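> mind folding the following:
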Amino acid sequence: MAMALKHVAFPVPDRWCVHGYYTLCPYAPDDSGRIVIAGADLDRDLAEVIILSAEGDVLDRFGRVTPTASFWHTGLWQSWSPDARFIYYQSGSLQSPRITRHELATGRQVTMEGDVEGVPPSGEPAISCSHGLLYAAGYGDGQYKPQQAPVPFQARDRHGMSQLGFDPPHEQLVLSTQQILDRHPQRDRLLEADREIRSRLGKDDGLTLMTYCVRWNQVGSRFLFYFGNHCVVKDRGEPRLAYVFTADRDMKDIHLALDLSFGRRGVHWGWQPDNEHLIGYGPHPDDPGRSCLAEVRYDGTGYRMLSEHHSGGHPSVSPADRDLIVTDEGTTAGGAVLFISRSTGAELARVALPKFVGDREPAGRNAQRICHHPVFSHDGTRVLFNTLPGREAVLGELALPEGKLP
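Residues are numbered from 1 along each chain as shown. Presented below is the predicted three-dimensional model:
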């Protein structure tokens, strides 16, 4: 039977709090124990970045941003610079994205046009996709809203992978969605599906292709990104398309690592601490229509199942113990963070957590539910996650002395 674990909570008065996505470490890179999160004032509909001490005390707070649907999932995508001098965060809207760089010592801020899901651990420049395209396709509320896309979906040569930085402020599209489609190993099959959509929905329509979900490894030497039509509404009749590519910082060494399209299951891929292998939920070796916890090398070789666990949660590997995997799942009563052995695939321990308000989890991205998104500290001795014990979400932390389960 799996071990039950206890955790501590870090409540911030009158704030609905969430850390950034689990592939970004919210703990400061200078070993100070500080944690960067975001908090929303539900009564005033305003969000800010908050710096917590290792004990959960508020050390600093800044920013004044109107929350979007994205906030209730990943906050403001707040992240540290490699020297812990700056915090970067989203400060615009899904249609008019802005990113702000805040200097902690002086409070000086610089804001520029652009979108980013965290700055890489190696620092600027960052690589970004358009977060607003995801939400315009239906991610967040299940509604297809092409008029709200920051760039038209079918203008595939105008969106894709952009590079941005602050010294001086710049943003430049460096690899378009159209260029990826032109070079794609399944180009002909994708074009056939594209023609089918146009035949039904009109000559100016087509597959809702985009790039999304840039995720860096822990040294910032490589990143992964998705190409496909993430969570596009089902009534458009598009096949689910999700291809995971990896690239080096210069985008000269690009590989198709995973095919999760046309009926092949899988979600939530990120990097392992060796900075070469990815972990996530992918097709079961015996039935691609089912999923399992799996790993693959960045170049697409060595795919293998690690566990039959198939929650579709958010897995990552401990930097202190390569056998220890943390992930999460939803249950009928709430949710849980659980630990799985890499070598045996067995569940080792779990902590049951509140995940939503009411008697069932509401759909979409909103203040009535959260994803736990468990994330290891840099040294693997702590795991941070989101909980929703009442009206306001609260960060929780689990201690792992010497990186081991208690």
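> would you mark the buried spots in the strand of greatest length in the chain?
For the chain, the strand with the greatest residue count under DSSP state E is strand 287-297. Residues of strand 287-297 classed as buried: P288, S291, C292, L293, A294, E295, V296, R297 (neighbour count, 16 or more other Cβ atoms under 10 Å). C-beta: built from backbone N, CA, C; applies to glycine.
> my guess is N386 contacts F356, does it?
No. Counting by Cβ atoms under 8 Å, N386 stays clear of F356, with 11.5 Å between them.
> for these two, indicate the residue with more neighbours.
N386 (27 against 17; other Cβ atoms under 10 Å).
> still on that earlier bit, okay, and the common contacts of N386 and F356?
Residues touching both N386 and F356 by Cβ atoms under 8 Å, 6 or more residues apart in numbering: I370.
> follow-up on the earlier one: can I get the longest strand of the chain in CSV? Just the C-alpha atoms.
Coordinates of each C-alpha in strand 287-297 appear next as CSV, following Å, rounded to 0.1, in the frame of the first residue of the first chain:
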residue,chain,number,x,y,z
ASP,A,287,-2.0,-0.3,-27.6
PRO,A,288,-1.3,3.3,-28.9
GLY,A,289,-4.8,4.2,-28.1
ARG,A,290,-4.0,3.9,-24.4
SER,A,291,-1.4,5.9,-22.5
CYS,A,292,1.3,5.1,-20.0
LEU,A,293,4.1,6.9,-18.2
ALA,A,294,7.1,6.8,-20.6
GLU,A,295,10.4,8.3,-21.5
VAL,A,296,12.3,9.0,-24.8
ARG,A,297,15.6,10.5,-25.8
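> quick one: strands adjacent to it?
strand 277-284 (antiparallel), strand 304-307 (antiparallel) (DSSP bridges).
> average model confidence for the first one?
It refers to strand 277-284. For strand 277-284, the mean per-residue pLDDT is 97.
> any idea how far M210 is from D14?
Counting by Cβ to Cβ, to the nearest Å, the separation of D14 from M210 is 37 Å.
> and for F262?
F262 is 17 Å from M210, by Cβ to Cβ.
> nearest to G165, of the buried residues of strand 287-297?
Nearest to G165 among the buried residues of strand 287-297 is R297, at 29.5 Å by Cβ to Cβ.
> so what's the closest one closest to, chain neighbours aside?
Spatial nearest neighbour of R297, chain neighbours left out: H277 (5.6 Å); criterion: Cβ to Cβ, 6 or more residues apart in numbering.
> surely V383 is in contact with S377?
Yes. Contact criterion Cβ under 8 Å: V383 and S377 qualify, at 7.4 Å.
> what about the strands in the stretch 301-406 of the chain?
304-307, 316-317, 324-330, 335-341, 347-353, 375-376, 382-387, 394-399 (DSSP state E, counting those that start in this stretch).
> mind checking those for the one nearest to A363?
strand 324-330 (11.9 Å).
> now do the closest one and strand 287-297, the angle between them.
Between strand 324-330 and strand 287-297, the angle comes out at 140 degrees (axes from the mean of the first three to the mean of the last three Cα atoms, to 10 degrees).
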